[in-house]
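A.B. asks: mind looking at a prediction? Sequence and model below.
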Amino acid sequence: MKVELTDEALVCNWIHYMKKPVGQESKQELLERSAQASIVTEGLLDFDHILSSYSFDRLSLRSQEKVDEKFKIPAKTICSSASTYEARYSIAEHDKRFELAENITAKAINIVSRKECNWSEIVKNDVFGKLRDMAREAEGATMPKAVQLVDRIRVEAEDTWKHGRVSLQRTSPDNAPVLSSPKVDLYIAFPIVRRTINCLGFHRDDTIQNFHISNLVKLEEENHGNLISNPIKELSRCKDSEEEHLVCFPSVVIEIKHHRVSKAQRAKCYCQAANASATALSMLFRLHLLANRQIRTAELRPVVAFTFIGWKVRVWISFVSYREVEGGKITCEYQMQCIWKGDLRETWDNVQLCRIIEHLHYWIVRHFRPWVSNCLDIWRQASEKHNKARISKFADLCSGWESSTSSDETGGETTDEDGDHDNISDSDDDDDDDDDDDDDDGEEEEEEEEEEEEEEEQWRRRRRWNRGD
C-alpha cells in the first residue's frame, strides 16, 4: 500500500538525507562511505580562479568578504600581454557567467508572490537554461554526427517514474511501505538512440550502440537480466510517437517550491528529492552488478540533486552508503548529503551555482556516460547465449516484478498517476505562521542550523538501528 512521503517512510525504506552541508570533518567520512561521491563533490565545488577583478568589484562589500583569494583570478603581470592573460584565464567566459549570475539575482529579488511557477521559471530558464537549450537543439538534429550523439543529454520535466519505482522496490526492505513514484520537477538523463541512419563508422561504436533502444529493450527482458534503464515505463511498450519517454539512467534531479511554503512542505521537498535520487541510484546499482561481482559500491556513480525553496538552494550528492545481502536478497541504504547551500538573491552564490552546473555537465558527459556505457557493454556481452549463466545468479532481484507491474497496469493500490507531488495550489500550503511576509530570515536560518545538527544525530541513530548495531 502506498504511503505518504515523509521522513519516517523514507527511513523504513533505508533512505536518508542530511541537510547539514559537508565540512572538512565530514569530507573524510564521505570519502570512506563513497569514493565516487567524494570525487564528484570535490569536482563540483571547484571555484578556483572564476572571478575577474572587474566582476569582483561589482560584488557587494558583504559578498566580497566571503570570497577566498583562490577564487579570484590573479592580477595581470607587467610581462604578460592583455590577450595572453585573457586567454589563459578565460576572462570573457568568467565575466559572462557573472552577468548570468547578476540576472538571476535581479529576478529572484523581484519575486514577491507565493507562486511556484515564478521560481520554476528562473530555475528552468536561467539557472539550467543553457543546458536545457543545448539539449533541445540536439533533439532537433535530424542526422546527428557520432560526436553529437555521445555528447547529448536530455533535460525533462514532470515525468512520473513508475518503472523506476519498481527498481527501487527491488533493493528496499521486504516489509518497507511502498513509496509513491517520483514525479520530478526537472531532471537530466541520457537520450535513447532510436534510429541510427547510415550506421557506419563511429556510429557503430559501442558508446552509441549501447544506448540504442533495441539493446536496452533486450536487456529489459527477464531472460536477459531484467535491467531497468528507463524510469518512466517499459521500453517495449513505448510507441514510436513517444519520443518524450525515450530517456535512460537519470543522473540529476531538481525539486522546486515557492519561498513561503510551510515547514512540512519544505521537508516534503527534501523527501521528494531523496526519493527520486534513491530511485535513480537503484537503477545504477542494478546496472553495476555484473561489472562488480563482490557487490561493492565503491565504484558506483552517485546522483546529484538540487532543491530550490524560493531563493534557498541546496546541492546534494546521493550514494549507496551500505548494502546487505541475506538469503539472496540485496538491500541498499541510500543517503542524500547536502554539499552546498546558497541564496539566489546573492550574486556570488549564483556565480558558484552556475559553476557547479558547468562542472556537472562536464562530469555527466565525460565521466558518467562512459561508465554507464562500459556497464552496458558488460550486460550486452552477458546477454549472449553462452554467458547467460552470469545473469541467472541475479534472478532473485526479479522477484516481485510481475506483481509490481500488474498493480500499475490494473489500477491497484500502488498506482499513482500524479507521482509524489501533491495537487495543491501554490498559496494553499502555508502555515498560519507564514502569513507575515516580514518574517525574520535570520531566525529561520538559526532554526535550520539547529535542525541540521539534530537531524545528523537522528540519522546516526537510525542507521545503527537499521543495521541492528
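C.D. replies: Cool, the structure landed.

A.B. asks: could you use CA atoms for every contact and neighbour count after this?
C.D. replies: Fine.

A.B. asks: okay, now the closest residue to Val193 other than its chain neighbours: neighbour count?
C.D. replies: Nearest residue to Val193 in three dimensions, chain neighbours excluded: His212, at 4.5 Å (C-alpha to C-alpha, 6 or more residues apart in numbering). Here the number of neighbours of His212 (other C-alpha atoms under 10 Å) works out to 17.

A.B. asks: look up phi and psi at His212.
C.D. replies: phi -70, psi 140 (degrees, to the nearest 10).

A.B. asks: any idea how far Asp205 is from it?
C.D. replies: 11 Å (C-alpha to C-alpha, to the nearest Å).

A.B. asks: and if you look at Glu222?
C.D. replies: Counting by C-alpha to C-alpha - Glu222 and Asp205 are separated by 26 Å.

A.B. asks: please apply the same query to Met336.
C.D. replies: As judged by C-alpha to C-alpha, Met336 and Asp205 stand 35 Å apart.

A.B. asks: and the two? which has more neighbours close in?
C.D. replies: Met336 (28 against 12).

A.B. asks: and the more buried one, that's in a strand?
C.D. replies: Yes - Met336: assigned to a strand according to DSSP: H, G, I helix; E, B strand; the rest coil.

A.B. asks: and it, what are its bridge partners?
C.D. replies: Tyr17, Ser318 (DSSP bridges).

A.B. asks: tell me, what's the model's pLDDT at it?
C.D. replies: At Met336, the model reports a pLDDT of 97.

A.B. asks: ok, it - contacts?
C.D. replies: If you count contacts by C-alpha atoms under 8 Å, 6 or more residues apart in numbering, Met336 has them with 15-18, 274, 277, 316-319.

A.B. asks: go on, Ser167?
C.D. replies: Ser167 is in contact with 228, 279, 282-283, counting by C-alpha under 8 Å, 6+ apart.

A.B. asks: looking at the residues you listed, which is nearest Lys66?
C.D. replies: Nearest to Lys66, judged by C-alpha to C-alpha, of the contacts of Ser167 is Thr279 at 36.3 Å.

A.B. asks: any idea how far that closest one lies from Pro182?
C.D. replies: The separation that Thr279 has from Pro182, given C-alpha to C-alpha, amounts to 8 Å.

A.B. asks: mutual contacts of the two, please.
C.D. replies: Contacts common to Thr279 and Pro182, judged by C-alpha under 8 Å, 6+ apart, are Arg165.

A.B. asks: in stretch 121-132, what's buried?
C.D. replies: Of the residues in stretch 121-132, 122-124, 126-128, 131-132 count as buried by neighbour count, 16 or more other C-alpha atoms under 10 Å.

A.B. asks: residues in contact with that stretch: which ones?
C.D. replies: The contact list for stretch 121-132 (C-alpha under 8 Å, 6+ apart) reads 100, 104, 107-108, 154-155, 186, 354, 357, 361.

A.B. asks: go again using 10 Å as the cut-off
C.D. replies: Identification of contacts with stretch 121-132 by C-alpha atoms under 10 Å, 6 or more residues apart in numbering yields 100-101, 103-105, 107-108, 117, 119-120, 133, 135-138, 153-157, 185-186, 188, 254-256, 308, 344, 350, 353-354, 357-358, 361.

A.B. asks: widest-spaced pair of the contacts of Ser167?
C.D. replies: Ile228 and Thr279 (10.8 Å).

A.B. asks: please identify every residue contacting each of those two.
C.D. replies: Shared contacts of Ile228 and Thr279 (C-alpha under 10 Å, 6+ apart): 163-164, 166-167.

A.B. asks: quick revisit: farthest-apart pair in the buried residues of stretch 121-132, please.
C.D. replies: Most distant of these, by C-alpha to C-alpha, are Ile122 and Leu131, 13.5 Å apart.

A.B. asks: returning to that earlier point: dump the contacts of Ser167 into CSV; add distance to Arg380, secondary structure and pLDDT as well.
C.D. replies: As requested, the contacts of Ser167 are exported to CSV (distance: C-alpha to C-alpha, whole Å; DSSP: H, G, I helix; E, B strand; the rest coil; pLDDT from 0 to 100):
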residue, distance to Arg380, secondary structure, pLDDT
Ile228, 14, coil, 94
Thr279, 23, helix, 98
Ser282, 19, helix, 96
Met283, 16, helix, 96
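
A.B. asks: out of these, the closest to Leu5 would be?
C.D. replies: Nearest to Leu5 among those, with distances taken as C-alpha to C-alpha, is Thr279, at 13.8 Å.

A.B. asks: wait, what's in contact with the residue nearest to the closest one when sequence neighbours are not counted?
C.D. replies: Spatial nearest neighbour of Thr279, chain neighbours left out: Leu168 (5.1 Å); criterion: C-alpha to C-alpha, 6+ apart. Contacts for Leu168 (C-alpha under 10 Å, 6+ apart) come out as 13, 178-179, 181, 275-276, 278-283, 285-286, 331-332.

A.B. asks: switch to 8 Å and redo it
C.D. replies: Listed by C-alpha under 8 Å, 6+ apart, the contact partners of Leu168 are 278-279, 282-283.

A.B. asks: picking up where we left off before, give me the pLDDT for the residue nearest to Val193.
C.D. replies: Note for His212: predicted pLDDT of 91.

A.B. asks: is it true that it touches Phe190?
C.D. replies: No - using C-alpha atoms under 8 Å, His212 is not in contact with Phe190, being 11.1 Å away.

A.B. asks: ok so, going back, so what's the residue nearest to Thr279 scoring on pLDDT?
C.D. replies: 96.

A.B. asks: then Lys268?
C.D. replies: For Lys268, pLDDT reads 96.

A.B. asks: next SSE downstream of the helix or strand containing it?
C.D. replies: Per DSSP states H and E: Lys268 is located in helix 263-288. Tracing the chain past helix 263-288, the next element assigned as helix or strand by DSSP H and E is strand 303-309.

A.B. asks: now tell me what touches that next one from outside.
C.D. replies: Residues from elsewhere that reach strand 303-309 (C-alpha under 8 Å, 6+ apart): 250-259, 261, 266, 269-270, 273, 277, 280-281, 313-319.

A.B. asks: repeat for stretch 356-371
C.D. replies: Residues outside stretch 356-371 that contact it (C-alpha under 8 Å, 6+ apart): 40, 43-46, 128, 131, 150-153, 207, 251, 301.

A.B. asks: lovely, talk soon.
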